[in-house]
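1. Mind folding the following:
(one chain, ligands or ions: 1)
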Amino acid sequence: MSQNKNSANDQSKLMDKIVSLAKRRGFVYQSSEIYGGLNGCWDYGPLGVEMLNNLKQQWWKSMTYRENIEGIDASILMHPRVWEASGHVENFTDPMVDCKSCKSRYRVDFLFEDLSIKRKKETLRELEPGKFEGQVKDDVVVEEFAKRVATDADAAKVVTLLPCPNCGNKGTFTDARKFNLMFKTFVGPVEDSSAVVFLRPETAQGIFVNFLNVQSAGRLKIPFGIAQIGKAFRNEINTKNFLFRTREFEQMEMQFFVKPGTDDEHFEYWRSERMKWYGELGMTREKLQWHQHPKDKLAHYAKDAYDIEYEFPFGWGEIEGIHNRTNYDLSRHEQYSGKTLKYFDETTKEKYTPYVIETSAGASRSFMAFLVDAYREEEAPTAERTMETRVVLKLHPKLAPTKVAIFPLVNRDGMPEMAKNIEADLRPYFRVFYDDSGAVGRRYRRQDEAGTPFCVTVDSQSLQDQTVTIRERDSMKQDRIAISNIRTYIAERLM
Ligand code: GAP
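-> Sure, this is the predicted structure:
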């Protein structure tokens with residue numbers, strides 16, 4: 001995404017504010033922070049884990065509360081042959097270079113991605129002296145540069161012309177090497193090659209190898225799907241942008257098994273379903289777009305692939321992929337395991353290897369997209385009728401970590417007792433937060449920042465007529481409702 005310098009600065013400040021709020025309010029912390037942190041790993045705090053669980057639950061419901069999709073939870077460690085069959089041992093690599101001068105390490109395509117237009121133009125001029133002189137439009141530079149790095153051999157030549165982003169030296173990069181992104185470990189006490197296993201880099205393979213187990217246990221008929229949520233691990237060369245590219249993350253994947261020849265229609269169906277899901281959970285439609293993988297850049301297993309991209313402060317980034325994986329994975333597992341993974345259609349008496357339409361979402365990445373999308377700074381009136389900036393997370397109530405906060409207006413006259421009774425009544429049904437400290441306006445602001453959609457206040461009128469005010473986060477409007485109606489009021493808005 002091209003951004004001018006000011007807007008790029010603003011966007012980077014915005015990202016800093018979100019990361020800082022995430023830490024301050026207990027959404028996300030750097031892993032092992034007291035030891036200086038571990039790159040590419042993050043911990044979810046009390047509000048973060050609630051929100052992440054809500055997000056995963058929404059996905060799980062949208063997938064498995066259907067007649068033809070079942071869930072599983074496969075182990076993270078799998079037989080090493082799985083990754084040979086899937087192609088990960090051979091193909092799950094990124095090109096990497098080291099700077100011989102300062103020892104920094106870079107993923108080659110990220111080096112290109114992070115280059116300014118100015119630097120790209122200079123590199124084009126160095127590659128082809130006499131061309132690209134004078135005024136050249138930015139989009140022409142971007143397009144021409146992309147052409148010059150399209151093949152590995154061309155990219156290797158261009159790398160020799162680039163300065164190291166860390167030390168600024170030119171001509172110090174090593175030749176590009178392929179780096180496999182899978183984390184290796186050992187099963188059992190002996191650390192030799194026969195004991196090597198990998199931490200799974202995607203959850204999908206746990207589904208493929210269980211395809212017939214699930215089909216026969218549920219007597220499922222094609223088309224049907226298998227869904228799974230779980231951790232995945234990739235030894236990314238460069239981690240960046242908070243939760244966007246990490247070494248440990250969670251995926252929410254669903255493989256839909258279909259009859260060959262019907263795959264295109266199922267592919268379109270799932271594309272539409274998945275885009276709808278983000279909108280229904282309140283994500284801004286204008287900040288979502290499709291990116292179709294060009295035919296020559298498709299993964300080795302794919303017939304067609306689209307990414308759902310979100311416009312983060314640092315640019316557009318993939319949050320989910322929808323792939324037509326053909327019968328590649330099942331066929332390869334048949335070949336490598338020697339076991340049949342064919343489906344027998346009782347009605348037509350046909351036997352075939354199904355095609356797979358995959359929806360592959362990042363739970364951690366979508367979490368970040370929902371957090372970024374919800375973040376607002378707004379002018380709001382204070383009790384003294386002046387204006388102040390309120391920071392508010394306009395999270396969909398279904399995703400919000402805390403659903404309702406309860407405040408006694410003052411800490412006397414029986415208000416705390418009444419508020420505590422309301423808290424006790426609601427606690428079995430919702431995540432509730434009780435707050436009796438500071439002015440009520442401050443308490444609202446604290447809940448705005450945490451994304452709490454409803455705040456209930458017990459005031460002097462409550463003591464007279466058993467009513468409370470309930471304030472809605474986004475509009476800041478207050479309704480007066482009977483205490484006996486609070487539960488229904490909130491439940492209706494969480495449907
Ligand atoms: N099974 C197909 C597959 O894994 P992918 O495009 O490599 O496809 C799917 O990954 C999703 O997983 C991405 O859209 C993204 O949301 C998430 N993801 C992948 N790598 C990630 C990383 N290093 N950090 C955080 N999320 C990641």
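2. C-alpha only now, for contacts and for neighbours.
-> Will do.
3. Poorly predicted segments of this protein, please.
-> For the chain, applying pLDDT under 70 flags the ranges 1-6.
4. can you rerun that using 80?
-> Residue ranges of the chain with pLDDT under 80: 1-8, 300, 383.
5. Would you mind listing what in this structure touches the ligand?
-> 202, 204, 234, 244-247, 249, 251, 318-321, 360-362, 365 (CA under 6 Å from any ligand atom).
6. Please narrow those to those residing in helices.
-> Ala204, Arg365 (DSSP state H).
7. Which parts of the stretch 151-300 of the chain are strands?
-> Along the stretch 151-300 of the chain, counting by DSSP state E, counting those that start in this stretch, strands occupy 177-180, 184-186, 196-198, 224-233, 248-258, 288-292.
8. winner for burial among these?
-> Of the strands of the stretch 151-300 of the chain, the one with the most neighbours on average (mean count of other CA atoms under 10 Å) is strand 248-258, at a mean of 24.
9. packing partners for it?
-> helix 46-64, helix 204-208, strand 224-233, strand 355-362, helix 363-374 (3 or more CA pairs under 8 Å, 6 or more residues apart in numbering; DSSP states H and E).
10. Burial check on the residue nearest to Thr64 when sequence neighbours are not counted, number of neighbours?
-> Leaving out its chain neighbours, the residue that sits closest to Thr64 by CA to CA, 6 or more residues apart in numbering is Glu70, at 5.6 Å. The local packing of Glu70 (other CA atoms under 10 Å) involves 20 other residues.
11. How far does stretch 27-38 stretch from one end to the other?
-> 17 Å (CA to CA, to the nearest Å).
12. Please spell out which residues along it are buried.
-> With burial defined by 16 or more other CA atoms under 10 Å, the residues of stretch 27-38 counted as buried are Phe27, Val28, Tyr29, Gln30, Ser31.
13. Off-centre distance for it?
-> Centroid separation for stretch 27-38 versus its chain: 19 Å, with CA atoms, centre = their mean, to the nearest Å.
14. Mind listing residues that contact it?
-> Under the contact criterion CA atoms under 8 Å, 6 or more residues apart in numbering, stretch 27-38 has outside partners 19, 21-23, 39, 41-49.
15. residues in contact with the residue nearest to the spatial centre of the chain?
-> With distances taken as CA atoms, centre = their mean, Arg365 lies nearest the centre of the chain, 1.6 Å away. Counting by CA under 8 Å, 6+ apart, Arg365 touches Leu243, Phe244, Ile319.
16. for Ala195, same thing?
-> Counting by CA under 8 Å, 6+ apart, Ala195 makes contact with Phe186, Val187, Gly188.
17. Which of the residues you listed sits closest to the ligand?
-> Phe186 (22.3 Å; CA to the nearest ligand atom).
18. Wait, the closest one touches Leu199, no?
-> No - using CA atoms under 8 Å, Phe186 is not in contact with Leu199; the gap is 10.1 Å.
19. one step back: with distance to Arg431 and neighbour count added, can I get the contacts of stretch 27-38 in JSON lines?
-> Below are these laid out as JSON lines (distance: CA to CA, whole Å; neighbours: other CA atoms under 10 Å):
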{"residue": "Val19", "distance to Arg431": "24", "neighbour count": "20"}
{"residue": "Leu21", "distance to Arg431": "20", "neighbour count": "17"}
{"residue": "Ala22", "distance to Arg431": "19", "neighbour count": "21"}
{"residue": "Lys23", "distance to Arg431": "20", "neighbour count": "17"}
{"residue": "Asn39", "distance to Arg431": "32", "neighbour count": "14"}
{"residue": "Cys41", "distance to Arg431": "27", "neighbour count": "18"}
{"residue": "Trp42", "distance to Arg431": "24", "neighbour count": "21"}
{"residue": "Asp43", "distance to Arg431": "21", "neighbour count": "16"}
{"residue": "Tyr44", "distance to Arg431": "17", "neighbour count": "19"}
{"residue": "Gly45", "distance to Arg431": "15", "neighbour count": "17"}
{"residue": "Pro46", "distance to Arg431": "11", "neighbour count": "13"}
{"residue": "Leu47", "distance to Arg431": "10", "neighbour count": "19"}
{"residue": "Gly48", "distance to Arg431": "13", "neighbour count": "23"}
{"residue": "Val49", "distance to Arg431": "12", "neighbour count": "16"}
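20. ok, of these, which one's closest to the ligand?
-> Closest approach to the ligand among the contacts of stretch 27-38 (CA to the nearest ligand atom): Cys41, at 9.4 Å.
21. Next one: that closest one from Lys477, what distance?
-> Cys41 is 40 Å from Lys477, by CA to CA.
22. Ok, Glu286 next?
-> 27 Å.
23. again with Pro397
-> For Pro397, the distance to Lys477 - CA to CA - is 16 Å.
24. from the chain's centre, how far out does stretch 25-38 sit?
-> That offset, for stretch 25-38, works out to 19 Å (CA atoms, centre = their mean).
25. whoops, stretch 377-396 was the one
-> 28 Å.
26. Kindly report the same for stretch 166-180.
-> Remark: stretch 166-180 is offset 30 Å from the chain centroid, using CA atoms, centre = their mean.
27. Buried ones in it, by neighbour count?
-> Buried-residue list, stretch 166-180, by 16+ other CA under 10 Å: Thr172, Phe173, Ala176, Phe179, Asn180.
28. Ok, stretch 378-393 next?
-> Buried residues in stretch 378-393 (16+ other CA under 10 Å): Arg390, Val391, Val392, Leu393.
29. wait, isn't the first one in contact with Tyr375?
-> No - counting by CA under 8 Å, Arg390 does not reach Tyr375; the two are 10.6 Å apart.
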